[in-house]
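**Q** Here you go, sequence then predicted model.
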Number of protein chains: 2
Amino acid sequence: MLHSVSEIDTSEALTERQKAVLDAALRLLVEEGDQLTMTAVARRASCSKETLYKWFGDRDGLLTATVQWQASKVRVAQVDGKGLDLASLTASLERFASDWLKVISSDTSIALNRVAVGHAGSGKDDLGAVVLENGRFALAKRLKPMLEAGRQAGLLDFADAETAFRTFFGLVARDVQIRLLLGDRLELTEAAIGGDAVRATQQFLALFGAKTGLQGP
Amino acid sequence: MLHSVSEIDTSEALTERQKAVLDAALRLLVEEGDQLTMTAVARRASCSKETLYKWFGDRDGLLTATVQWQASKVRVAQVDGKGLDLASLTASLERFASDWLKVISSDTSIALNRVAVGHAGSGKDDLGAVVLENGRFALAKRLKPMLEAGRQAGLLDFADAETAFRTFFGLVARDVQIRLLLGDRLELTEAAIGGDAVRATQQFLALFGAKTGLQGP
DNA sequence: GGCGAACCGTAACGTACGGTACGGCTTGTC
DNA sequence: GACAAGCCGTACCGTACGTTACGGTTCGCC
């Protein structure tokens, strides 16, 4: 049974058919937003509504399963901070920034966040928590070890990794996500993302780089 | 007729009674979110549904009018940069940061943004544009002259005011708005907001303060 | 006092959609 | 080949809610 899930576990023993159905639901979610209907999902996935209800319980269960399914697809490898120097730290931060900008500007992320935000008001489900856990918090969990390693290597100087992370987050995302969620056309080309990643990283290093005389006047 | 409006104009000749009705709708929107019903609004406002439809056209019209009504209430005075020094610039920036954090963490803003985000997918109305115009863009319009003045006074150093603004925005808001929209409990006390405003301002000045030897080693 | 406009309260209408039931088809098992 | 399980397609049910209609009341105006 899927609709009893609210823990952190991910793929939850989905059959291939179920994954295909959730993929269809996801595509429809991106196209239609929250006003997708069970009938439309069934038609798109070439399955019966009865099956949908048997597998996912109800509409909220389907939505939750869809969001979790997408979340389970974006697990990425942990980077480790072996032999860290300023160049590799910089490259890693730029990588994080670039990846994150690509994520939040993707159609899928926008659609999922819209749905989750819309549901956040009425505590029926925890879509918001799922999205947050696999977005912002997952990013923090991956980035913080790198920041700590940078501090160990004498490259960074900060008191609290959480605070440092949040500043990095702000420097990278700025107003991009909220503008996209609110429907602002804001095309982020590959080049623009790359430039933003470099800028954000430089700003972060300017704020939290260790004062070892390497960059001061 | 209200429902033919989509320009930038604001209060649009509302009678007192209409304002009262919109206030009721706004309160209900904060409580119920997007699943408020016309019946509920009519009951809360002690008016008939017929009146609602006559005044606002349809449900979307009522929602749009409500959002615009709230927007028209938050017009604030333009600050001017006469006799600007570092202390007054710092104070102004802190003020902007603090005000903005208060806004985005308020129940009203959260509710309005949630509704607007939810509607942004299906181009039925332009709630997203309205919210954006009276939120993020209004802030930029008020802040940029101050930044320019700071540059004129030799206190700030940046190439593009828009870019500088967006960095300030990122440093202030960080992950706060998206977390709140997604339902994360994140209580911002008066003290926390004040601290964040100071921190964001200091970081901004560290990045964009003119290198006049005033703060370097 | 008579009249019309605006508005309140409520009832009624239509529909879209969540959820369920059911007949038929396919597939695996004995 | 009989049988059961799982699933597809579709028809069906119930309800919530947007929208409309209408009788009754208030209020300004002559």
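**A** Everything's here; your move.
**Q** hey, let's count contacts and neighbours off CA atoms from now on
**A** OK.
**Q** so what's the most centrally placed residue in chain A up against?
**A** Centroid-nearest residue in chain A, with C-alpha atoms, centre = their mean: A:G135, separated by 2.9 Å. With contacts defined as C-alpha atoms under 8 Å, 6 or more residues apart in numbering or on different chains, A:G135 has no neighbours.
**Q** All the helices of chain A, residue numbers only.
**A** A:16-32, A:38-45, A:49-56, A:59-73, A:86-104, A:107-120, A:127-134, A:136-152, A:161-173, A:176-181, A:190-208 (DSSP state H).
**Q** between those helices, which gets nearest to B:I178?
**A** Taking C-alpha to C-alpha, helix A:176-181 is the member of the helices of chain A nearest to B:I178, at 7.3 Å.
**Q** Export only the CA atoms of that closest one, formatted as PDB.
**A** Extracted as PDB, the C-alpha positions of helix A:176-181 are listed here (Å, rounded to 0.1, in the frame of the first residue of the first chain):
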ATOM      1  CA  VAL A 176      14.900  33.400  -9.400                       C
ATOM      2  CA  GLN A 177      12.700  30.800  -7.800                       C
ATOM      3  CA  ILE A 178       9.900  33.000  -6.600                       C
ATOM      4  CA  ARG A 179       9.800  34.800  -9.900                       C
ATOM      5  CA  LEU A 180       9.500  31.600 -11.800                       C
ATOM      6  CA  LEU A 181       6.900  30.200  -9.500                       C
END
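**Q** got the buried residues for that helix?
**A** By 16 or more other C-alpha atoms under 10 Å in any protein chain shown, the buried positions in helix A:176-181 come out as A:V176, A:Q177, A:I178, A:R179, A:L180, A:L181.
**Q** The second one: what's its closest spatial neighbour, skipping adjacent residues?
**A** The reference is to A:Q177. The shortest distance from A:Q177 to any non-neighbouring residue, by C-alpha to C-alpha, 6 or more residues apart in numbering or on different chains, is to A:I104 (6.2 Å).
**Q** pretty sure the one you found is touching A:I178, no?
**A** No: with contact defined as C-alpha atoms under 8 Å, A:I104 does not count as touching A:I178 (9.7 Å).
**Q** what residues does chain A put near DNA strand D?
**A** Proximity of chain A to DNA strand D, by C-alpha under 7 Å from any atom of the strand, involves residues A:A42, A:R43, A:S46, A:C47, A:S48, A:K49, A:E50, A:T51.
**Q** about what we covered before: with chain B as the reference, measure out to the residue nearest to A:Q177.
**A** Distance of A:I104 to chain B, computed by C-alpha to the nearest C-alpha, to the nearest Å: 11 Å.
**Q** With B:D107 as the reference, measure out to that residue.
**A** 24 Å (C-alpha to C-alpha, to the nearest Å).
**Q** Get me the contact residues on chain A for chain B.
**A** Contact residues (C-alpha under 8 Å from any C-alpha of the partner chain) of chain A with chain B: A:32-34, A:111, A:113-118, A:120-122, A:128-129, A:131-132, A:136, A:166-167, A:169-175, A:178-179, A:181-184, A:203, A:206-207.
**Q** Give the residue spans of chain A that score low on pLDDT.
**A** Counting by pLDDT under 70, chain A shows low-confidence ranges at A:1-12, A:76-77, A:80-81, A:212-217.
**Q** Kindly recompute the last result at 90.
**A** Where chain A drops to pLDDT under 90, the residues are A:1-16, A:72-84, A:121-126, A:187, A:210-217.
**Q** which bits of chain A sit near DNA strand C?
**A** Neighbours of DNA strand C within chain A, by C-alpha under 7 Å from any atom of the strand: A:Q35, A:L36, A:T37, A:M38, A:T39, A:S48, A:K49, A:E50, A:Y53, A:D58, A:R59, A:D60.
**Q** Recalculate using a threshold of 6 Å.
**A** Proximity of chain A to DNA strand C (C-alpha under 6 Å from any atom of the strand) is limited to residues A:T37, A:M38, A:T39, A:K49, A:E50, A:D58, A:R59.
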